[in-house]
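>>> Below is the structure, and that's it, no one-letter string:
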């Protein structure tokens, strides 16, 4: 073999070595990016805001709602029509006087399609909306559709993207959609496999396993985040964390560890709104928002 052939072999070897080295560096960069993102996602959230509820009536709260035009937060105590409903500014300062909820509320959300703050009530109480004055003051709470328009009596509804659809968690731990105008269930999104990261884990769960897992979690609500592959959020009270699930598979894709001192409840008192995780402290009668 001539000198030219040797040079060609050396040249080819150099190119291959360079490509392998480049690929290796690229792989390391990708791995580093993945772990960096994982680290960021796993960062323990910190408290950013507090909403102190007025009065003494009621011990549970349902939801915090941000009105994007008025730049106000709305929330209420749940359990009775005479319990307080209050409005707060962006920094958490209460504005105006407290008013009565008007109905035994459960879930509450802002609907960009109707531009109203809407709500669902306990059991047969129906679905309605808050009538607001120009300054944001609540003048009354109207029922738009009476009757049982939800999967369970205590279910807290949340707004689901695009249109008049309300998201609930049903008695079989499936995320389901209801039409707010007709009150009919329109679709089952997915059954949530509590704590399962793979299909094999989910398939291996027995009915008793599922019930045991459900007892560790707040199953009066499933929150919608709008984040791809992390759309559905469940509060795991036992392990003090938020679990995010893929709405296509029902499998857990991310866990957010919460501060140990945070007060968590197995019913109600948990919400995701305006990019903030909200937890109601029953003793202090206040919502604390973490981000």
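Now that the structure is in, tell me what you want to look at. Fair warning: this is a prediction, and the values are worked out from it, not measured in the lab.

>>> which residue sits closest to residue 116 in space, ignoring its chain neighbours?
Distances taken as C-beta to C-beta, 6 or more residues apart in numbering place residue 129 nearest to residue 116, at 4.1 Å, with adjacent residues excluded. All C-beta atoms are positioned from the backbone trio N, CA, C, and that covers glycine.

>>> Walk me through the domains of this structure.
In the domain annotation for the chain, the residue ranges read 1-41, 42-290 (automatic domain parsing).

>>> which one of those domains has the lowest average pLDDT?
For those, the weakest mean pLDDT is recorded on domain 1-41, namely a mean of 42.

>>> which ones are touching residue 95?
Residue 95 is in contact with 72, 87, 88, 89, 136, counting by C-beta atoms under 8 Å, 6 or more residues apart in numbering.

>>> of those residues, buried ones?
Buried members of those, counted by 16 or more other C-beta atoms under 10 Å: 72, 87, 88, 136.

>>> quick one: the strands in the stretch 51-200 of the chain?
60-67, 72-78, 84-88, 94-100, 105-111, 116-121, 127-132, 138-145, 158-160, 165-169, 174-179, 185-191 (DSSP state E, counting those that start in this stretch).

>>> Can you spell out which residues form a bridge with residue 232?
For residue 232, the beta-bridge partners under DSSP bridges are residue 224, residue 245.

>>> same question but for residue 86, I mixed them up
Residue 86 has the following beta-bridge partners by DSSP bridges: residue 75.

>>> returning to that earlier point: could you report the separation of the residue nearest to residue 116 from residue 166?
In this structure, residue 129 lies at 12 Å from residue 166, with C-beta to C-beta, to the nearest Å as the measure.

>>> Which one's more surrounded, the two?
Neighbour comparison, residue 129 and residue 166: the larger count goes to residue 166, with 27 against 19 (by other C-beta atoms under 10 Å).

>>> Now do the contacts for the more buried one.
Applying C-beta under 8 Å, 6+ apart to residue 166 gives the contacts 107, 109, 120, 127, 150, 157-160, 177-180.

>>> Excluding residues flanking it in the chain, which one is nearest it?
Excluding its sequence neighbours, the residue lying closest to residue 166 (C-beta to C-beta, 6+ apart) is residue 157, at 4.2 Å.

>>> Share the number of residues neighbouring that neighbour, please.
In terms of burial, residue 157 registers 28 neighbours under the definition other C-beta under 10 Å.

>>> what sits against it?
106, 107, 109, 119, 120, 127, 150, 166, 167, 168, 178.

>>> Please apply the same query to residue 238.
Listed by C-beta under 8 Å, 6+ apart, the contact set of residue 238 reads 216, 217.

>>> and it, that one's in a helix?
No: per DSSP: H, G, I helix; E, B strand; the rest coil, residue 238 lies outside any helix segment and is coil.

>>> from what I can see residue 281 touches residue 264, true?
No: with contact defined as C-beta atoms under 8 Å, residue 281 does not count as touching residue 264 (9.6 Å).

>>> Please report the distance of the spatially closest residue to residue 81 that is not a sequence neighbour from residue 63.
With C-beta to C-beta, 6+ apart as the criterion, residue 81 has its nearest non-adjacent residue at 5.2 Å, and that residue is residue 103. Computed as C-beta to C-beta, the residue 103 to residue 63 distance reads 14 Å.

>>> swap in residue 175?
When C-beta to C-beta is the yardstick, residue 175 and residue 63 sit 17 Å from each other.

>>> Can you pick out the residue with more neighbours from these two?
More neighbours surround residue 63 than the other of residue 175 and residue 63, with 30 against 23 (other C-beta under 10 Å).

>>> For the strand or helix carrying residue 209, list every residue counted as buried.
Remark: residue 209 resides in helix 207-214, with elements defined by DSSP states H and E. For helix 207-214, the buried set under the neighbour-count rule, 16+ other C-beta under 10 Å, comprises 210, 213, 214.

>>> Which single one of the residues you listed is nearest to residue 142?
Within the buried residues of helix 207-214, the smallest distance to residue 142 is 34.4 Å, found for residue 214 (C-beta to C-beta).
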